Structure formats: structure tokens, C-alpha cells
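In: I need the structure of the sequence given here:
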Amino acid sequence: MQQDNARNTILFIVITVAILIGYQMLVLQPQAERREAMLEAQGATPAEKAAEGTVLRPEGPVFTDRRTAQAAGPRVPIETPTLRGSLSLRGARVDDLFLTSYDETLDSDTPVELFRPQGTEHAYFAQFGWLGQNIAGGVPGPNTDWTLTSGETLTPQTPVTLVWDNGAGLRFTRVISIDDQYMFSVADTVANLSADPVTLAPYGVVERQGVPEDLGRQFILHEGAIGVMGDRLKLEKYGDWVKEPRIDYASTGGWLGITDKYWLAAIIPDQTDAVDARLTVDEVGGANLHQVQVMSEEVTIQPGRQIVETQRLFAGAKRAEILRGYESSLGVPKFDLAIDWGMFWFLTRPIFLIVEFFYGLVGNFGVAILLLTVVIKLIMFPLANKSYESMSKMKMLQPKMEELKAKHKDDPAKFQQEMMGLYQKEKVNPLAGCLPILVQIPVFYALYKVLFVTIEMRHAPFFGWIRDLSSRDPTNIWNLFGLIPWDPGQTPLIGGLIGVSATGMGGFTLSLSVLAIVYGFTMWLQMAMNPPPPDPVQRRIFGLMPIVFTFIMAPFAAGLLIYWTWNNILSIIQQYFIMHRFKADNPIDNLLARFRKA
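Out: Alright, predicted model coming up:
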């Protein structure tokens, strides 16, 4: 039975690796080649394409470039310490926005684009307006041409004032202000100069016209609609959103928007208002038009009176301390849940807070991860101590187990019975070695989420060649870690398997970096210190595991490999001293003895 299980395990590993390699070569690599060929045909880099390029979608409409779209009407510049762009006076639409604190890639100085104007491919913007039934002269909406009456540039110190008169007794005055981070405030004053009362309802919309190819593809990451309605978190991934093209919510206050991995655009109504919110998807021009709509309760304005309604727009980076700040100062409920903390949020958030605390002390997120690892090891020290003591005793019992195996080689059942009796007599738990690993799994996942989804880790350097802890180690054994001036990723047929992807995350790969090799060595050394399985087939499988896991872990973020390698080193040190105490044979002393003889 043990041999059957071992054979099935080997088959599972082989089939899994074959599927991953096939998927990389037959699906991911051709997709990357098609995208690269399209960009080359357009004669632009991805950053240039986002900023300037005219794009022709096959069998679809021709989109204009950003400059042409910006020139379609008058605009008001936006300049803050964190944002640069403009808003269009057509609809008072915030549709041109760059995040100046973040670059598209580690080696570029092109800021991250958040919003792009109507008429460009993947247009993405926010706008505010009013709804009303049978209003003479109408109400301001997406096509309203507002007039700028004060302020030339929207800055944290200088709000701008826009005015629109419907010519039938309603005058709308809109004051748009912004803080030094990412929060816009839109205060609308509506004066009723007519002889009749009018009933209106303010609304806010975030609209994305088509989803770029690199969004919504990660299983572990939420991208799409997000918000807190009725004090509950609402999530709709792009794929699920299309399947259910209209979803309605009712709430008092709350917030609702569209999120990417690191960026968020969200409508925040007055937190005392009863609101009706809606997610919709419509196909327009061959692309899915995603809309998040938040409409506040109706307000009746008597003749000769006026009202003021304030809505807000968050458009920026999902930094935890900024989101928590708005949660505290503006009462935005559960705003830091815009970060995808994952199913182990009760671990992910505390781990992030610990890493953030250590970063405040040492100024390096890589060192902060090392300190976090020490804290986790200290917490688990008693459990690990018992585990390593048990494994040391098991290693000392190996000669007796070999004797039992030889004695009962023709009777496996008797061998198992005698072996369990030996464990019981020596007070050894053969499963104790699994406990530290099992406890580490949720911690490992939580740290993976922290590295993957928190913008604080994006482009965060460690030391030396590790310039981004959220991406994989850029070194590669196939060019002798950079000594040979050759990019393995450009190799025909197998380049995608041995190269480093642009994102540096995920996917099976045959590349091996410095960190991956060090990780594999520490895993081998730690496993060599454990007692070998009695079954020879299982022993061979365990012998292959460090090699297999070296390749499996190679594509993961450098920060994760630093954590796991450092964790292995601390475990090896702890286990070494315990084995010395029990005078158990260990590979470190064996290696040192061979080195002395040499």
C-alpha cells in the first residue's frame, strides 16, 4: 500500500509539472508573443502606448490618442503632491489622472496612469450629476458644459468652482476640492429660483470601458467591483460581473468603486444618506462597459431655497495608512478592506502591521521580513522544540528500525506493529515533525498575500540586486547570474520557461535564481536532518522534494523566498542544537568532518 501511494504521488508530481509546462508553452507564451508583436506593430512601448498611442482594435472602433481626447474641450489642470492630470468641463468629468508617486515599472520614470479620457481605448473616469423627473430645462449630466468661474488649477490649496444654469430657474454651483492625497470632494449647491418646488437626487459614477488584458487574470487577487454597502463588503470580479450584468444594493452611507491590484476609484456618498447603488455591464462598441453607480436619496427644494449636497471620490493608491486615515477622519466604513487581505485576513493584516512596524524601525522591508520571521519562530519555539526533539529521537532509533525491517522483511504488517511499539516505548511521536510545517502554511499564505497585494511592497528594495521584494529574483543560472550578456527570456521556444517575466510573479519556470538555489539548499539540509522514511520509495521521493520545490518556488516573490530561506536557516540552527543535545547524527557535523579531512 505504501508503494502504491508513493507511485501515485510520483505520477501526480510528474503530471502536474507536465501540465504547467504545457500551459506555459502553449497558452501563456503565445499570448505574450502576440501582445509583443502588436506593440511592435504600433511602434510604441507599453508606457508610450498608454500615454499617446492610437490603437486600432480588430473588428472594432478606432480610438483616439490621449492628446486628441484632451483637446476635445476645455479642461482644468489637477496638480497635487500625488496626482497630476485634468478634469473636463464637459460633464465636470475627472478623466485624466496619473499617480506621480508611482512609476509603471521599476526602471521607468513614467507615472502610473489611473484615469484616461472618453474616446481612448479603455477609457476610465468618474463623474457626478443629478437625476429628476420632468425638470424644465433639465439637470446636469454627462454632456453638460460647465463654466469655470473661479480657480485656474485644482490643487489642495485652490479649489475650483463650476456653474451651470438650466435656464428654467435652477442654478447649479459645483465646488471641487482635493486634499494632498487622493480624495476629491464635490459640493453641489442647487438654488431653486423658479416658482415651483423640484425634487432631485445626486449621483456619482465610476465607469471603465473595457478591461485591459492584464487585469482580472489572477486567481488569488480580487479585481473588479468592490465596496461596503449595508456595512458588508461587496465583491464582484470582472468575470462574475459580466455573468450578472445588474446588481443592486441599498445602504446608508458606505462606498462603492472599481479596484485593480494596487489602485482604487470609489464613490463615497454622504454617510448619513440613504443610497441606492448599482453595478451594471453593457456591451458598447464591442467592449464591456462597467459602471458603478451610487445615487443618494431624493431632496425637494422649495422655491427661493437652496441645498448643498457633498459627494466624494477616492482615486489613487491603496496604501493601508491612507485608507485607515480616511476611515477615521471621514467615517468611511471598513475602507482598508479595499486591500485584498484574503481568506486569512486575521493573519494577513496583523502580519502586515508587524512588517510595517519593523519597517518604521529599520527602513528596509526586507530586513523587516527577517525580523517578522524571528518573531514567528519565537512564537512557535515550544512547538518546534518538541517536534525537533521527537525527530532527533527518531533519528537515533534508525539502527533499531533497520533491524526490525530486516527481521520482518517478509511480513510488513508485523514490521509496522513492531515499529509502532518501538515508538511507544521510546515516547516518540512520528507525526510531530509535521506540526511546524502545517502551522507555517497559513502564515506562508498570509505573507504571500502581503507581498502580492500591498502597495508598500511594490518596488521595495532589499540589498544588492534585490530591488523589488514583490517581484521574483531577477538573477538567472542560465546566464551565470548576469555574468554572460544574454537574456534567457529571448531564447526561442523555451524563453518563457527560463526567462524572468515582466511581472516577476507566478507561472511555472525552469529558471533558477540565487535566492531559489539558496532556498533549495536550506530545504535539503533541513530535510537531511530529519529521520528518513522507512520505505525506500518514499525515501527517494523525499530526496527529490528539495529539487522539485526549488523550481516551484523560483517564480515567487523575492520577499517570500527571503522569508522561507531565513525560516529554514533558523530551523536548522534550532534543530542542530537539539540534535547535539541528544547526540544524534546530523549532516552538518558530517560535512564539517569531511571538510576537515580534506
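In: mind giving me the packing neighbours of the helix or strand hosting residue 76?
Out: Using DSSP states H and E, residue 76 sits in strand 75-79. If contacts are counted by 3 or more CB pairs under 8 Å, 6 or more residues apart in numbering; DSSP states H and E, strand 75-79 sits against strand 83-88, strand 93-103. To be clear about C-beta, it is placed using only N, CA and C from the backbone, and glycine gets the same treatment.
In: the first one: how far from the chain's middle?
Out: Okay, so that is strand 83-88. 26 Å (CA atoms, centre = their mean, to the nearest Å).
In: neighbouring strands of it in the sheet, and parallel or not?
Out: strand 75-79 (antiparallel), strand 93-103 (antiparallel) (DSSP bridges).
In: in a markdown table, list the helices and strands packed on strand 75-79 along with distance to residue 549, mean neighbour count and mean pLDDT.
Out: Below are the helices and strands packed on strand 75-79 laid out as a markdown table (distance: least, CB to CB, whole Å; neighbours: other CB atoms under 10 Å; pLDDT from 0 to 100):
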| stretch | distance to residue 549 | mean neighbour count | mean pLDDT |
| --- | --- | --- | --- |
| strand 83-88 | 43 | 23 | 96 |
| strand 93-103 | 33 | 22 | 95 |
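In: wait, which of those strands is closest to residue 294?
Out: strand 93-103 (14.9 Å; CB to CB).
In: show me the shaky parts of the stretch 401-550 of the chain.
Out: For the stretch 401-550 of the chain, the stretches with pLDDT under 70 are 426, 428-437, 478-510, 533-535.
In: what about residue 543, which helix or strand?
Out: helix 536-553.
In: figure out how far that helix is from the centre of its chain.
Out: The answer for helix 536-553 is 30 Å, by CA atoms, centre = their mean.
In: tell me which residues in it are buried?
Out: Going by neighbour count (16 or more other CB atoms under 10 Å), the buried part of helix 536-553 is 537, 538, 541, 542, 546, 549, 550, 551, 552, 553.
In: one step back: out of the strands paired with strand 83-88, which gets nearest to residue 415?
Out: Here strand 93-103 is closest among the strands paired with strand 83-88 (CB to CB), at 61.9 Å.
In: now the element after that closest one, going C-ward?
Out: By DSSP H and E, the next helix or strand past strand 93-103 is strand 111-115.
In: list the helices and strands that next one packs on?
Out: Using 3+ CB pairs under 8 Å, 6+ apart, strand 111-115 is in contact with strand 93-103, strand 124-131, strand 263-268, strand 306-317.
In: what does the average pLDDT come to for stretch 198-217?
Out: The pLDDT scores in stretch 198-217 average 87.
In: all strands for the stretch 101-250 of the chain, in order.
Out: Here the stretch 101-250 of the chain has its strands, by DSSP state E, counting those that start in this stretch, at 111-115, 124-131, 147-150, 160-165, 170-178, 183-192, 198-209, 224-229, 232-237, 246-252.
In: ok, now which ones touch the closest residue to residue 582 other than its chain neighbours?
Out: Of all residues not flanking residue 582 in the chain, residue 392 sits nearest, at 4.3 Å (CB to CB, 6 or more residues apart in numbering). For residue 392, the contacting residues are 575, 578, 579, 581, 582, 584, by CB atoms under 8 Å, 6 or more residues apart in numbering.
In: which one of the residues you listed is nearest residue 194?
Out: Closest to residue 194, out of all of the contacts of residue 392 and judged by CB to CB, is residue 575, at 83.0 Å.
In: and that closest one, what is it in contact with?
Out: Residue 575 touches 388, 391, 392, 526, 529, 586, counting by CB under 8 Å, 6+ apart.
In: so the residue nearest to residue 582 sits in a helix?
Out: Yes. Counting by DSSP: H, G, I helix; E, B strand; the rest coil, residue 392 is part of a helix.
In: would you convert the helices and strands packed on strand 75-79 into TSV that also reports distance to residue 570?
Out: As requested, the helices and strands packed on strand 75-79 are arranged in TSV below (distance: least, CB to CB, whole Å):
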stretch	distance to residue 570
strand 83-88	43
strand 93-103	34
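In: on that earlier part again, so which of the helices and strands packed on strand 111-115 is the most packed in?
Out: strand 263-268 (a mean of 25; mean count of other CB atoms under 10 Å).
In: so which elements touch the following helix or strand past that one?
Out: Going down the chain from strand 263-268, the next helix or strand is strand 274-284, by DSSP H and E. Under the contact criterion of 3+ CB pairs under 8 Å, 6+ apart, strand 274-284 touches strand 224-229, helix 238-243, strand 246-252, strand 287-296.
In: of these, which is nearest residue 329?
Out: strand 224-229 (16.5 Å).
In: contacts for the closest one, please.
Out: The contact list for strand 224-229 (CB under 8 Å, 6+ apart) reads 216, 233-241, 247, 249-251, 254-259, 264, 266, 277, 279, 290, 292, 333-335, 337-338.
In: quick check: angle from that strand to strand 246-252?
Out: Relative orientation of strand 224-229 versus strand 246-252 (axes from the mean of the first three to the mean of the last three CA atoms, to 10 degrees): 30 degrees.
In: so how far is strand 224-229 off the chain centroid?
Out: The answer for strand 224-229 is 16 Å, by CA atoms, centre = their mean.
In: any idea of the pLDDT on residue 14?
Out: 54.
In: typo on my end, residue 80
Out: On the pLDDT scale, residue 80 gets 96.
In: show me the contacts for it.
Out: The contact partners of residue 80, taken as CB under 8 Å, 6+ apart, are 155, 156, 178, 179, 180, 181.
In: kindly recompute the last result at 10 Å.
Out: 100, 153, 154, 155, 156, 157, 178, 179, 180, 181, 182, 316 (CB atoms under 10 Å, 6 or more residues apart in numbering).
In: ok, the last one to residue 234 distance?
Out: Here residue 316 is placed at a distance of 20 Å from residue 234 (CB to CB, to the nearest Å).
In: again, but for residue 444
Out: For residue 444, the distance to residue 234 - CB to CB - is 29 Å.
In: now swap in residue 380 and tell me
Out: In terms of CB to CB, residue 380 sits 36 Å off from residue 234.
In: and residue 67, by the same measure?
Out: For residue 67, the distance to residue 234 - CB to CB - is 37 Å.
In: for the two, indicate the residue with more neighbours.
Out: residue 234 (18 against 11; other CB atoms under 10 Å).
In: quick check: bridge partners of the more buried one?
Out: Here residue 234, judged by DSSP bridges, has bridge partners residue 227.
In: residues contacting it?
Out: 225, 226, 227, 228, 247, 249, 251, 254, 255, 256, 277, 279.
In: alright, that wraps it up for me.
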